[in-house]
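>>> Turn this into a model:
(chains A and B)
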Amino acid sequence: MTKIHLTVDGAAVSDDVEPRMLLVQYLREKLGKTGTVIGCDTSNCGACTVHLDGTSVKSCNVLAVQADGRSVTTIEGLADTVEGELHPVQEAFRECHGLQCGFCTPGMIMQAVDLLAENPHPTEEEVRLGMEGNLCRCTGYHNIVKSVLHAAEGGARA
Amino acid sequence: MTATQDRPAQEIGRDRRRKEDQRLITGRTRWTDNITLPGMLHLAMVRSPFAHATITSIDVEEAKASPNVVAVLSGKDFGDELGVNINAWPITPEQKTPTHSPMPADRVAFAGEIVAVVVARSAAEARDAAELVDVEYDEQPAVVGIKKALEDTVLAHPELGTNKSALWVFDSAEAGTGGDVEAAIAQARADGIVIEREYRQQRLIPAFMEPRSVVVDPTGEQLTMWSATQIPHILRFALAATTGVPESKIRVVAPDVGGGFGGKLQTTPEEWITWAVARRLSKPVKYTETRSESLMAAHHGRDQVQTLTLAADRDGRVTGFKVHLDADLGAYVSLVGGGVPVLGAFMFNAIYKFPAYRFECQTVLTNSTWTDAYRGAGRPEATYAIERMMDELAAEVGVDPLEIRERNWITHEEFPFTTVAGLEYDTGNYEAATARAKEVFGYDALRAEQRERRERGDRVQLGIGVSTFTEMCGLAPSRVLGSLDYGAGGWEHASVRMLATGKVEIVTGASAHGQGHETAFSQIVADRLGVPFEDVEVLHGDTQVAPRGLDTYGSRSLVVGGEALVKAVDKVVEKATRLAAHLLEASEDDLDYAGGRFTVRGTDQGIAIQELATAAFAAHDYPEDMEPSLDADATYDPVNFNYPHGTHLCAMEVDTETGKVSMRKYTCCDDIGTIINPLIVAGQVHGGLVQGIAQALWEEAVHDESGTLVSGSFVDYLLPTSADTISFDVVHADDPSVCTTNTLGTKGVGEAGTIASTPAVVNAVVDAVRHLGVRDIQMPCTPERVWRAIHANDGDAPTPGGAMPHFDEGALNQDGAAQ
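From the prediction side, this is the model:
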């Protein structure tokens, strides 16, 4: 077991974890951050995407111990939802019907936020390439792409 | 200001943003895998690496000694309480159906079949220990692939004596719905056109994004199962029917479910094992599959060889169509099983007036993953076959593919139309949908560009693909299902509860997993009952909350479940009318009901439905001959399927040098009757399109000759990404053909995109290179297959110099430039 200290969605947390524990397992099993989900075991699907020190990562591809001393933001910490706030990208996904079953959505939104932070005014092509690492089976991507472009028009920032 | 006054005039047809989304976009979700219970134990499955083997021994001692392992169990540790996985649709009385134990003790029939289960305090410990279970197998010869299975030399289940499970036949001459197809073919051979083709429907994997997960809590009076399923009600019935637990002691919950596409229309070994382990240990247990397990062991879809004979006269008017399918069931006959290809039996004649038709389907067992419903279920296969054949016929006659369709389709004046397969199509307008699609697509301009590029000998050729589809959906009239030997009905149930506070709870037996029922059903109730959209709460997916239902598949939720809801709401209004008349001291005949309010004609007196709900709750003053409740239930059994249709047009570019294909444009005009929520409809179409396009271009589940799934991860099974796809033009009929067999006038849309798009894409790819002598490319149309098709007739001819202008003559090449 290894002791780790990190910040998750603004709260300081500390736990003993097995060195092999993945960040996504730590988030879900130890912290109950079940908004972040696991969709595959080969880091293809991106459903588990979170931000590590402000940059998107697939949390199945990061060990919990690698997050020691760092800051993690999940879909649950993206906006102060208790106060009824939504991040502009969350709002855009709802506005443009960018989700159906919603399983890929947390990862999609986290990736989109990162994409727009790097490139605030992407073309459709740039959105399609930038979201390539996140799989969706419901939407055919049409409305996901539209959501990201909609958020970009609204000046969404990370 | 009351909310009632805020209510817009009409909810139906409005692009309401979804009620479901707030939770889903903020991560406030309840996927089955999110559920944890005190003392919960975790399961890991030990799966056979062999496609066919007898189990000689299972040594569990080392696994049992592993940290925090509670139990290791195999098939022999269970008796009848393990139950069996059932087939609900034996398509013929003689169907050969191998017994499907969730965890066989003696023999495995596909790679991935479960032979033991490890129970531990954490999922990681269970998985670690599963590695330590030592299973000795005696490998048996495995039969993989339809053609091998038909030979019957190697048997998937030796005790059955054959791999052939069932032969299902429909013949229009025998059924009295049309002529003799053999006579039509003979005639066409003499003086017409006969087109014979064999098409392959490759195996696909539904690949819903949420892996399947199941939690069982045996600690209450009712045993509760949470499962990532499309079918909580059918699951409850099947658990009761096969595991000895009374149905009344079983509660099944489908919480948030992350997609299904038919892939979660199943009762699974994993559910049955989890159920048995929880009962054995009297502890809550959870099993969540890995993606690899999901791809390997959750059912696959499609997998048919289609042998087709189309007879036509010289003008391209079809005189007969003969279809023989060989369909791979995999190792077991699944819940719907052979019923999936049979659902296609009535659709090979599609939108056309064929005078003669014969359909045969031979199902076969193989040592590969079982197959069952995948979006469209039987109808995409049928639509692919006929729409590819119509293009072949057009090429033979030498006319535009749309022209050949027009010569054969049912015209809008001819509805209602009884088809050669015996279905009555109530409404449709193929001419209008086609005209609209052509206009939006820019058909004529793209045809002109195609001609120009052909003449120029452009390396990248343009192809235009057509698919004019219809489908039978809204499963289903119970009597029809009964006549086809399906084990259940196709009705749906709804309840409306008028709460004392004026809010409305509706309960539906449909079980959503991404479709947006909460939003669409709220819109229907808001209009029909006259209450605000926001005041309607939709409850579903829990057999204790929604005790009656037949769940979600086959584009049925709106057209069957929505209609049940309408009928329940109408009953509420009827009861409310009596209470209103009583309280207003008026005759029922003098009351008007509009916008959620009863008014007495010719007076200013009135009462709102919410006030009546409160009055019924208080029950201080109500008619003697009435119960003090406005609540109502309804069960609706559809009288017919419904028949959405559409014209899909696709432009594909094919690089004749590399075989690379890319989509240039895709336009569809679907006529789906009344649209409740255009936003949700568009989403269904987009997603459906990409699943169908993916069959045409990318996806294929491949077993090697020993029966190992080689496309067993998302690295190898090619799900499309945002970078592979384009944005689509989705339009609808301006003057839709409203369904006449339900009140709302709606037709199904959930499967439409998938059914229509596959042939549109392949037709476009073939069209791009038909002038090079290509008349078919097997799906998925990978660059290699396209290249091989283009160059199939090259022989040893030298590559023409001009075909590969990698650099301009006289200019420096890359190597030169780098020096």
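>>> quick one, helices of chain A?
Using DSSP state H, the helices of chain A run over residues A:23-25, A:88-95, A:105-118, A:124-130, A:142-153.
>>> who's in contact with residue 106?
Since no chain was named, I'll use chain A. Applying Cβ atoms under 8 Å, 6 or more residues apart in numbering or on different chains, one finds that A:P106 lies in contact with A:35-37, A:47, A:49, A:74-75, B:27. No exception for glycine: its C-beta is placed from N, CA and C like everyone else's.
>>> The chain in question should be chain B.
Contacts of B:D106 by Cβ under 8 Å, 6+ apart are B:54-55, B:75.
>>> quick one: it from B:D134, how far?
17 Å (Cβ to Cβ, to the nearest Å).
>>> cool, and B:K264?
33 Å.
>>> Settle it for me: which of the two has more neighbours?
B:K264 (29 against 14; other Cβ atoms under 10 Å in any protein chain shown).
>>> phi, psi of that one?
phi -110, psi 20 (degrees, to the nearest 10).
>>> right, and A:C48 touches A:G39 too?
Yes - using Cβ atoms under 8 Å, A:C48 makes contact with A:G39 at a distance of 7.0 Å.
>>> anything in contact with each of those two?
In contact with both A:C48 and A:G39: A:G107, using Cβ under 8 Å, 6+ apart.
>>> Could you find the closest non-adjacent residue to the most centrally placed residue in chain A?
Nearest to the geometric centre of chain A sits A:M110, at 3.0 Å (Cα atoms, centre = their mean). Spatial nearest neighbour of A:M110, chain neighbours left out: A:T49 (4.4 Å); criterion: Cβ to Cβ, 6 or more residues apart in numbering or on different chains.
>>> Now do the contacts for that neighbour.
A:T49 makes contacts with A:56-59, A:106-108, A:110-111, A:134, as judged by Cβ under 8 Å, 6+ apart.
>>> give me that answer again for 10 Å
By Cβ atoms under 10 Å, 6 or more residues apart in numbering or on different chains, the residues touching A:T49 are A:24, A:36-37, A:56-61, A:74-75, A:104, A:106-114, A:133-134.
>>> What's opposite it in the beta bridge?
A:K58 (DSSP bridges).
>>> Kindly state the pLDDT recorded for it?
pLDDT for A:T49: 98.
>>> do B:Y357 as well
So, for B:Y357, pLDDT stands at 98.
>>> After the helix or strand where it lies, which helix or strand is next?
Using DSSP states H and E, B:Y357 maps to strand B:357-365. Moving toward the C-terminus from strand B:357-365, the next helix or strand (DSSP H and E) is helix B:379-397.
>>> Give the next helix or strand downstream of that following helix.
helix B:401-408.
>>> give the contact list for the residue in the stretch 401-550 of chain B that chain A sits nearest to.
Residue nearest to chain A within the stretch 401-550 of chain B: B:G514 (3.0 Å; Cβ to the nearest Cβ). Residues counted as contacts of B:G514 (Cβ under 10 Å, 6+ apart) are A:99-103, A:137-139, B:20, B:24, B:208-210, B:256-261, B:552, B:683-684, B:687, B:750.
>>> Spit out the contact partners of B:Y486.
B:Y486 sits next to B:88-91, B:336, B:339, B:342-343, B:475-476, B:478, B:480 when contact means Cβ under 10 Å, 6+ apart.
>>> Apply 7 Å and report the result again.
Residues in contact with B:Y486, defined by Cβ atoms under 7 Å, 6 or more residues apart in numbering or on different chains, are B:88-89, B:339.
>>> ok, now how distant is it from B:P158?
29 Å.
>>> Residue ranges in chain A under the pLDDT threshold?
Low-confidence segments of chain A (pLDDT under 70): A:155-158.
>>> Would you mind splitting it into its domains for me?
With domains defined by automatic domain parsing, chain A comprises A:2-76, A:81-153.
>>> nearest to B:F521, of those?
When the domains of chain A are compared by Cβ to Cβ, domain A:81-153 sits nearest B:F521, at 15.7 Å.
>>> residue of chain A with the smallest distance to chain B?
A:G35 (1.9 Å).
>>> residues near that residue, how many?
A:G35 has 26 neighbours, counted by other Cβ under 10 Å.
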